[in-house]
Structure formats: structure tokens, C-alpha cells
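>>> Need coordinates for the below:
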Amino acid sequence: MSEIAADSVFVRDGDLFVPSELGRGPWSPDALHGGAPAALLAGYAEQMVGDPDMLLARLTLELVRPVPLAPLKVAATTGKGRSVRRVELTLSHDDVVVARAVALFLRGEQQDIEPRLDGHPLAGPERCHEPFLVPGMEQVTSFHYTAMDIRVAHGQTVGPGPAAAWFRLKCPVVAGESVTPAMRAVAASDFGNGLSWILPVEEYTFVNTDLTVYLTRHPRSEWVALDSCMTVEPNGIGLARSEIYDEQGLIGVAQQNLFVRARQG
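Below is the predicted model of the structure:
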């Protein structure tokens, strides 16, 4: 298929969501970054619930296979709970399921609890200027290099080890539709394994098979930060763990299982 104009990550075409090159991921030119479908499904689930008093508190995304840079269809069912509601979603291409997700919504009610005043350990985005660059990761139009404004807050992405960075979506996820705070948090949350890598990209792939995001509240500004670390066992199975912040403090955590393989040749 010919690529659509890159003004948004997806464009609606009837009941299909057609991705642009702004959704492209790092592992294949024909597959999306996990943050793109994750944000799409988070927003779709919010529309299904249609209740601003219900907070997207958890999103679990299973990447059944690489999500292609091709027209995608979303199907969803939602429960009827007043305080706890689940939305189950599938993402398919040509009737083949490529991803599944469960979105859990909780109804917030004000309690007599003192708010946390712990702030966060990161310099704010206005004080961070180092860009997100990973050796061996081609700098092409993509979700990670183009759709996101990324500023490293501590550590480094040009070398291995734990790192933290601020993320801001620079374009709509779906053309003509607002990006919600939950979508911003979820879109950033899939960057843990690319932010805190411990294996050289030239020699290994470390694709996440899933993503689980827990949020106690949604971000209150456009900027979302991850503070991430990766662990990998000799059996080729790894885990990326991230704390999620906005400019006022901790808002959640994210985890990704990693499937690690040496590159051929």
C-alpha cells in the first residue's frame, strides 16, 4: 500500500485505521512501534467507556505478531460495572488478529487522603536537551524519531544502562481527534526497552511481546517521563521496567517482556 501523508499516526478510513510512516518502529520498516497501537487502543477504550470520571488505570497489550504498517481494524466489548469496568479489544489486519488488549477503568471518588508531595527525581523537560539516539537504530521517519519529542533526563541512550527521558507526542494519534492524557502516558510507556538497553542494537533484537501500564492518575501536562531499566537472562528472555512521571510526580509503572535474539549475519 502507498503510505498516507505523515500528519498523524493514523487516519480513519471507514472502520479502518490506516497508519502513516509516523507509526513505524525500529525493528522492521513494515511494522509499527508498539506505542502506536497501544495509544490507539487506549483512546478507543476511553471512547467506548465514555465516562470522564472513570480513569484508565491499567492497559495490558499483547503483541500477538508484528503490527503491520497497513490498515487495521479495532473490535471491542465493554462491561457494565459502575466502579470497575473492563474493555476487551482486538486489533486485526485482513481478519488476522495482530494484538489484543484489556483496558481496566476505575471510578475515581475523592477521599480524605493527603496528596503525595514527593515530586520526582528528574530535571524537568525544559532543562533537558540531549536527544534520543541509539547506535545502530536507523534515523528514519518513525514513531520514536519523528512522532515523539524525546529529551534524555539522566543516563544515556548512546550507551548501555538505566536511563530516563521525557516524551511528548508531536502529532495526533488519530487525525482530527484529540490526544487524551491517558494516550500520552501509554504512548510513552512502550519506550522502556529502547531507552534503557543493555545489549548492542547492531548485534541483538530485543522486541517486547507485550506492555502493561498501571496509572494512579493521568498526566497533567503534555510531557511524560520514563525512568527505565532492563534485565536480560542468558536464555534470551528479558524485562524492561519503567516508572512513569509527569512534571508533578510519579503517576504509574510499566513493564515489558522482551524476546531477545542475536541478529543473523
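>>> contacts for stretch 168-185?
7-12, 17, 22, 36, 39-40, 42-43, 46, 55-56, 125, 146-150, 167, 187, 213, 215, 218-220, 222-224, 244, 251-252 (CB atoms under 8 Å, 6 or more residues apart in numbering). C-beta here means a position set from N, CA and C on the backbone, and glycine is covered the same way.
>>> Please spell out the PyMOL selection for the buried subset of these.
Per 16 or more other CB atoms under 10 Å, the buried members of the contacts of stretch 168-185 correspond to this PyMOL selection:
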select buried, resi 8+9+10+11+17+22+36+39+40+42+43+46+55+56+125+146+147+148+150+167+187+213+215+218+219+222+223+224+244+251+252
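>>> Just the ones in helices from the contacts of stretch 168-185, please.
When DSSP state H is applied, those are split such that 36, 39-40, 42-43, 46, 187 fall in helices.
>>> which of those residues lies closest to Glu130?
When those are compared for distance to Glu130 (CB to CB), Ala187 wins out at 20.4 Å.
>>> what's the nearest residue to that closest one if we skip its chain neighbours?
Distances taken as CB to CB, 6 or more residues apart in numbering place Ala39 nearest to Ala187, at 3.9 Å, with adjacent residues excluded.
>>> what's the distance between the one you found and Ser8?
Relative to Ser8, Ala39 is positioned 11 Å away (CB to CB, to the nearest Å).
>>> Dump the ones in helices among the contacts of stretch 168-185 to CSV, plus pLDDT and distance to Arg100.
What follows is the ones in helices among the contacts of stretch 168-185, written out as CSV (pLDDT from 0 to 100; distance: CB to CB, whole Å):
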residue, pLDDT, distance to Arg100
Ala36, 97, 16
Ala39, 98, 16
Leu40, 98, 13
Ala42, 98, 14
Gly43, 98, 17
Glu46, 98, 18
Ala187, 98, 18
